[in-house]
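S.K.: need a structure here:
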Amino acid sequence: MTVANLVSSPPGSAGSPASPNASSAAPSSTSQPSQTRRARLAAAANPVLAGPSTSAVAVGEGTTGGLACVTLANTQLRLDVAPSLGGGITRFDWRSDGALVPIFRRCRHVAANTDPNELACYSMLPYSNRIGGGHFGVGERRIEVPRNRPGEPLPIHGDGWLAHWEVADSDRENVRLTLDRRDGKPYAYRAAQTYTLDGATLIITLEIENTGRDALPFGLGIHPFLVRDAQTELSAAAGGLWLQGDDWLPLRHVPAPPAWQFGVAYPLPSTIVNHAFTGWSGQAAVVWPKRRLSLTVSADTDYYVLYTPPGEDFFCFEPVDHPINAMNLPGGAASHGMTMLARGERLTRSFRFEVERTGLRAVAGARGTRRRQ
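M.R.: Sure, this is the predicted structure:
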């Protein structure tokens, strides 16, 4: 079982990301076409972003309805984040020979009324997935959790994914967003999510602090929608999973069946999977043989939720620190990955997505990708 990173300082106390380095000028002897081409490349790789003292953010390419997005970019990756859409990701692309190749499914319609489930990825806090009956117990207390989404009979994914986040700091390869829910019920908290591009790796860090009077179980996770084609393979070894009923709530825990063990690279199932897997190592790999790309996923969590809707061009691999309805499972929330936070205590989780170009044939291992020569 992983140990939560608990500290007592508030999420907003962390230092700001370093300022971007100034780009060097092209030599005066360079031809005009070359200068123009270099300028375009530099503009694509180094978009103008708002600093920490301004209220505006850059509007990402491809947005509609005037919705502001923050664009991060380096020579290998591009990331667009929409603070007003739960601080979620609208696109996460790999740069390949001048083209932008999607790793997460791109959001096709970015506007104020965009459904969060149309995004490329969003964060889940102060809990992930559904809470059975809309309530749970802590000692002798009964905690009521209101429904938070039309059409959903149960509260789902917390409220961070439905909130408007503030841009605290940003530069070309980092953005830090904050959310103040000190008046929330039953969960009162402050939170931060930080996106960082480090070479070919996207790092997402989530932080949450309990600002309420009473101790409550907190949990964190992220919900990426990854690109899927007919050849997509997954490696994500896990010891077991929770079987679910028609209401998507867990019924009983069983060992992972052979078809869903994913101990080595294995094609995604053609039938629907929507289960919480347990005993995960915190390492997984996605391989796209046709696109000659792989993605290594790392997280300091012991669980993931896998969702494979048939006939879709995406699937969801959701690293989380607790299974669905953890608060109401036998033994309670703390026995299933959630962290009891008293007032002023904070929980932090980190998630890494490293993109790599592969050879003609790639096999994903439990801790990364290895090539066949």
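S.K.: so what's residue 147 up against?
M.R.: Shown in contact with residue 147 (CB atoms under 8 Å, 6 or more residues apart in numbering): 134, 153, 154, 155. Glycine gets a C-beta too; all of them are placed from N, C-alpha and C.
S.K.: What's the local residue count around residue 339?
M.R.: Residue 339 has 23 neighbours, counted by other CB atoms under 10 Å.
S.K.: For it, list each beta-bridge partner.
M.R.: When bridges are called by DSSP bridges, residue 339 pairs up with residue 218.
S.K.: pretty sure it is touching residue 216, no?
M.R.: No: taking contacts as CB atoms under 8 Å, residue 339 lies outside contact range of residue 216: 9.7 Å.
S.K.: For residue 267, grab the count of nearby residues.
M.R.: 11.
S.K.: my bad, should have said residue 137
M.R.: 12.
S.K.: Can you tell me the closest non-neighbouring residue to it?
M.R.: Closest residue to residue 137 apart from its sequence neighbours, by CB to CB, 6 or more residues apart in numbering: residue 143 at 6.9 Å.
S.K.: For the stretch 101-250 of the chain, just list every one of the strands.
M.R.: 121-124, 135-138, 141-144, 166-170, 174-181, 189-198, 201-210, 216-218, 221-227, 233-235, 240-244, 250-255 (DSSP state E, counting those that start in this stretch).
S.K.: I'd like to know which of those strands lies nearest to residue 352.
M.R.: With CB to CB as the measure, strand 201-210 is the member of these nearest residue 352 (5.3 Å).
S.K.: where in the stretch 1-150 of the chain is pLDDT low?
M.R.: Scanning the stretch 1-150 of the chain for pLDDT under 70 picks out the ranges 1-66.
S.K.: still on that earlier bit, list buried members of the contacts of residue 147 by neighbour count.
M.R.: Neighbour counting with 16 or more other CB atoms under 10 Å marks 154, 155 as buried within the contacts of residue 147.
S.K.: Reformat the contacts of residue 147 as CSV; add distance to residue 284.
M.R.: Shown next, in CSV, are these (distance: CB to CB, whole Å):
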residue, distance to residue 284
134, 32
153, 31
154, 27
155, 28
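S.K.: Export the strands of the stretch 101-250 of the chain to CSV and append columns for distance to residue 305.
M.R.: Formatted as CSV, the strands of the stretch 101-250 of the chain follow (distance: least, CB to CB, whole Å):
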stretch, distance to residue 305
strand 121-124, 10
strand 135-138, 19
strand 141-144, 22
strand 166-170, 28
strand 174-181, 22
strand 189-198, 19
strand 201-210, 16
strand 216-218, 17
strand 221-227, 8
strand 233-235, 13
strand 240-244, 10
strand 250-255, 11
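S.K.: pLDDT score for the closest residue to residue 282 other than its chain neighbours?
M.R.: In this structure, residue 282 finds its nearest non-sequential neighbour in residue 299, 5.3 Å apart by CB to CB, 6+ apart. For residue 299, the pLDDT comes out at 98.
S.K.: can you pull the contacts of the residue positioned nearest the centre of the chain?
M.R.: Nearest to the mean C-alpha position of the chain, counting by CA atoms, centre = their mean, stands residue 222 at 3.5 Å. Applying CB under 8 Å, 6+ apart to residue 222 gives the contacts 121, 122, 123, 124, 204, 206, 318, 319, 320, 351.
S.K.: Specify the beta-bridge partners of it.
M.R.: Under the criterion used (DSSP bridges), residue 222 bridges to residue 123.
S.K.: Residue 216 is in contact with the residue nearest to residue 137, correct?
M.R.: Yes: using CB under 8 Å, residue 143 is in contact with residue 216, at 7.0 Å.
S.K.: Spit out the residues that contact those two alike.
M.R.: The contact lists of residue 143 and residue 216 share residue 186, where a contact means CB under 8 Å, 6+ apart.
S.K.: in stretch 343-355, what counts as buried?
M.R.: Buried-residue list, stretch 343-355, by 16+ other CB under 10 Å: 345, 346, 347, 348, 349, 350, 351, 352, 353, 354, 355.
S.K.: okay, it in PDB with CA atoms only?
M.R.: Only the C-alpha atoms of stretch 343-355 are listed here, as PDB (Å, rounded to 0.1, in the frame of the first residue of the first chain):
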ATOM      1  CA  ARG A 343      -8.400  20.100   9.500                       C
ATOM      2  CA  GLY A 344      -5.200  21.600   8.000                       C
ATOM      3  CA  GLU A 345      -3.800  18.300   6.700                       C
ATOM      4  CA  ARG A 346      -3.000  17.900   3.000                       C
ATOM      5  CA  LEU A 347      -2.800  15.000   0.500                       C
ATOM      6  CA  THR A 348      -0.700  15.000  -2.600                       C
ATOM      7  CA  ARG A 349      -0.600  12.600  -5.600                       C
ATOM      8  CA  SER A 350       1.500  12.700  -8.700                       C
ATOM      9  CA  PHE A 351       0.800  11.200 -12.200                       C
ATOM     10  CA  ARG A 352       3.300  10.900 -15.000                       C
ATOM     11  CA  PHE A 353       2.800  10.200 -18.700                       C
ATOM     12  CA  GLU A 354       5.900   9.600 -20.700                       C
ATOM     13  CA  VAL A 355       5.700   9.400 -24.500                       C
END
